[in-house]
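**Q** For reference, the sequence and a predicted model appear below.
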Number of protein chains: 2
Amino acid sequence: MLKFDEQKQLDSVNGALKLRGAVEKIVDGIVEQGYDSLFYVGIGGTYASGMQVVNYLSGNSLIPVYLENAAELLTNTNKKFKKGAVMIFSTVTGSTEEIVNVVRLAKERGVRVFGFIDKEDVPLVGMVDDCISYPGNEQLKLFMTAHRFMYRNNEFDEYESFYEEMEQHLAKALIEVEKKADTFGLEFAKAHEKDALHYFVGAGILWGATYSYAMCYWEEMHWIRTKSIHAAEFFHGMLEIVEKDTPVTVFVGEDAERPLAERVARFLPRICANYTVIDTKEYDLPGISPKYRGFLSHLVMHAVTQRIDAHLEQVSCHPMEIRRYYRRLDY
Amino acid sequence: MLKFDEQKQLDSVNGALKLRGAVEKIVDGIVEQGYDSLFYVGIGGTYASGMQVVNYLSGNSLIPVYLENAAELLTNTNKKFKKGAVMIFSTVTGSTEEIVNVVRLAKERGVRVFGFIDKEDVPLVGMVDDCISYPGNEQLKLFMTAHRFMYRNNEFDEYESFYEEMEQHLAKALIEVEKKADTFGLEFAKAHEKDALHYFVGAGILWGATYSYAMCYWEEMHWIRTKSIHAAEFFHGMLEIVEKDTPVTVFVGEDAERPLAERVARFLPRICANYTVIDTKEYDLPGISPKYRGFLSHLVMHAVTQRIDAHLEQVSCHPMEIRRYYRRLDY
């Protein structure tokens, strides 16, 4: 399979799950010290990852939790971002200007900062209160923090058994999703590589995935125009510009907001002949209990879209690592 | 001027400002009864209006406040949406299915509900705890609630003088904005009526206006494709698909997040020759203190975009009241 190293991906996911002990130690320390609220802070793709966690926590926890875009936080400076708050973030490079500056703001305000910083040798590591360095797997990392906070708040009794199941089966299950999705990925890439504009629709835990797949993958890496729209909003404006040939893809997950995406998927055939539904339900996850599938919809979808990306890059002759303007120009 | 009834608009805004006594009575009652958090709930355009208020409150108040999309709230059912919470919303028809159902959910959960329901004779009026019926001016209504809660929380000492100034000058000032923007509105409409896709960028108190102008006006009413993107996110993906001819409009306001929109406006000329900057600062607001202009940027922008709409409707021969699918089909 193209751009696919099974062992490397297994090791990557399993290695991330092994961070749990370190995550627990940090979260437990925060809980024992006391805290008022959690701020998941990001920008671009890391902001989208925060969307997923905060959506999940809204539906499942009473902990006061806020999602903040780093650039907005620096200017609007949320008044509740103060002593007692905990900032949680993840960054690959550790050098994104807005993230570095928000960490500075957090320290000035007495906010405790817990960062996942992939690179161990960047100055940002020395600026945060708590740090874990391990490459990739941002969603897993952020969800591990959320689940531990919930567990400590008596909101996730099955925490141990859930993670034991993940440690045993998740990495392999995601590999199986990629294998199954590969043919679809190639067909989809061929059908849509020349789209003038592609619409992505999603909801719930998949809304962050929808937003980031459109913006961080198709726009930033494939240079194809997109619009992402929340399924809850589709019927309040966007539907009017959908015609027979309009390319629309609906991400359907298995969490509480599934009915919102299903509604769009059910409606589209009446007005559009160029739509695609990607439903995580169609992918087996061997060893994973049905009740946990909703928590994992974003990981399943990511496994599917990875196959689109691998083929789209080749089909469109556009290497995903090139950038036209990003970090190429000063702005 | 096309589609412009000066006296009617003056009366409409002044009438909305006169609701303040009724708003105060309701908010004061809630404060005296006690509350834990505010939920601004909407869908489509009313969700966008909530974005503006919640963004403003984040930067200026310590009151726990949450923005919720009605359809998401019905499925994800935010756990914090419970006794002690106050739901605030605005609706024109009072018949939007998601809003009616959220009000039912609120009652089941013991959430106090304060609704602005334009129509007085709809069943929804009898379902809420507190209701004010007056047509239009949604933003003013929602901001009046926010300001009163802030005032009662000792976060807006100038409340009285601010509203006295608004009562004396706001309606007339917005009329002047429309008059000044009319020529621009016609030129913009002529230049962009045939756009295959138009990008709108905005931040802060204007992000809701940006999102809703793109979706509820251009998509829903003009049937022109758009993407709205937050200025904080522009440099994290979308910039890569901007080319010389790409139509991009930046909404620049005067609140704390102004620098984010300015940054995009400053950068665009290097990569694009088809951009427009609409800066609220270019519009005089006679009688309004400079320190209050930031609070009003969304109203100023709305006055400008109203002139675009009036002309775009005529130039494109597409009446704004027609809908292709919305409330025409079952879905």
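**A** It's in. The model shown is predicted, which means the values in this text are computed figures rather than measured ones.
**Q** make it CA atoms for all contacts and neighbour counts henceforth
**A** Fine.
**Q** ok now do the spatially most central residue of chain A, which residues does it touch?
**A** Averaging the C-alpha coordinates of chain A gives a centre point, and the residue nearest to it by C-alpha atoms, centre = their mean is A:Ser49 (3.4 Å). Listed by C-alpha atoms under 8 Å, 6 or more residues apart in numbering or on different chains, the contact partners of A:Ser49 are A:42, A:138-139, A:142, A:208-209.
**Q** Just say helix, strand or coil for A:Phe162.
**A** Look at A:Phe162: counting by DSSP: H, G, I helix; E, B strand; the rest coil, its state is helix.
**Q** Revised request: answer the last question for A:Tyr134.
**A** Applying three-state DSSP: A:Tyr134 is coil.
**Q** wait, doesn't it sit right on A:Lys119?
**A** Yes: with contacts counted by C-alpha atoms under 8 Å, A:Tyr134 reaches A:Lys119, the gap being 7.4 Å.
**Q** which residues in chain A form strands?
**A** A:37-42, A:65-69, A:85-91, A:112-117, A:130-132, A:198-202, A:226-230, A:248-252, A:275-279 (DSSP state E).
**Q** Can you tell me the strand partners of the last one and which way each runs?
**A** I take that to be strand A:275-279. Strand A:275-279 sits in its sheet next to strand A:248-252 (parallel), going by DSSP bridges.
**Q** A:Phe143 contacts A:Val54, doesn't it?
**A** No: the criterion here is C-alpha under 8 Å, and A:Phe143 misses it with A:Val54 at 9.5 Å.
**Q** Comparing those two, which residue is more hemmed in?
**A** Taking other C-alpha atoms under 10 Å in any protein chain shown, A:Phe143 and A:Val54 do not tie; A:Val54 has more neighbours (27 against 19).
**Q** and the more buried one, what is it in contact with?
**A** With C-alpha under 8 Å, 6+ apart, A:Val54 has these contacts: A:40, A:65-67.
**Q** what about 7 Å?
**A** A:65-67 (C-alpha atoms under 7 Å, 6 or more residues apart in numbering or on different chains).
**Q** ok, back up a step: of the contacts of A:Ser49, which belong to helices?
**A** Secondary structure assignment by DSSP state H places A:138-139, A:142, A:208-209 of the contacts of A:Ser49 in helices.
**Q** ranking those residues by neighbours, who comes first?
**A** That'd be A:Ala209 among the ones in helices among the contacts of A:Ser49, by other C-alpha under 10 Å, with 29 neighbours.
**Q** Flag every residue of the stretch 201-331 of chain A that's near chain B.
**A** A:215-216, A:219-220, A:223-225, A:227, A:232-233, A:235-238, A:240-241, A:256-257, A:267, A:324-325, A:331 (C-alpha under 7 Å from any C-alpha of the partner chain).
**Q** Could you check stretch A:17-36 and say which residues are buried?
**A** A:17, A:19-20, A:23-24, A:26-27, A:30, A:35 (16 or more other C-alpha atoms under 10 Å in any protein chain shown).
**Q** Over to stretch A:124-141?
**A** Buried, per 16+ other C-alpha under 10 Å, within stretch A:124-141: A:124-125, A:128, A:130-141.
**Q** got it, and stretch A:194-208?
**A** Under 16+ other C-alpha under 10 Å, the buried positions of stretch A:194-208 are A:197-208.
**Q** residue ranges with poor pLDDT in the stretch 1-150 of chain A?
**A** The model of the stretch 1-150 of chain A has no residue with pLDDT under 70.
**Q** Stretch A:91-106: how far from the chain's middle?
**A** Averaging C-alpha positions (C-alpha atoms, centre = their mean, to the nearest Å) puts stretch A:91-106 18 Å from its chain's average.
**Q** Could you do stretch A:139-157 as well?
**A** That offset, for stretch A:139-157, works out to 16 Å (C-alpha atoms, centre = their mean).
**Q** Using CSV, write out every CA atom in it.
**A** Extracted C-alpha coordinates of stretch A:139-157, given in CSV (Å, rounded to 0.1, in the frame of the first residue of the first chain):
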residue,chain,number,x,y,z
GLN,A,139,-5.9,13.4,19.3
LEU,A,140,-5.0,10.5,21.6
LYS,A,141,-2.9,12.7,23.8
LEU,A,142,-5.5,15.3,24.3
PHE,A,143,-8.2,12.7,24.9
MET,A,144,-6.1,11.0,27.4
THR,A,145,-6.0,14.2,29.4
ALA,A,146,-9.7,14.7,29.1
HIS,A,147,-10.5,11.1,30.2
ARG,A,148,-8.2,11.4,33.2
PHE,A,149,-9.8,14.6,34.3
MET,A,150,-13.2,13.0,33.9
TYR,A,151,-12.1,9.9,35.8
ARG,A,152,-10.9,12.0,38.7
ASN,A,153,-14.2,13.9,38.6
ASN,A,154,-16.1,10.5,38.8
GLU,A,155,-17.4,10.8,35.3
PHE,A,156,-15.7,7.9,33.6
ASP,A,157,-15.8,4.8,35.8
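**Q** near chain B at all, that stretch?
**A** No: Stretch A:139-157 lies out of reach of chain B by C-alpha under 7 Å from any C-alpha, never closer than 11.1 Å.
**Q** Please point out which parts of that stretch sit buried.
**A** So, applying 16+ other C-alpha under 10 Å, buried residues of stretch A:139-157: A:139-152, A:155-156.
**Q** any idea which of the residues you listed is closest to chain B?
**A** Nearest to chain B out of the buried residues of stretch A:139-157 is A:Glu155 (C-alpha to the nearest C-alpha; 11.1 Å).
**Q** residues contacting the closest one?
**A** By C-alpha under 7 Å, 6+ apart, the neighbours of A:Glu155 are A:Ser61.
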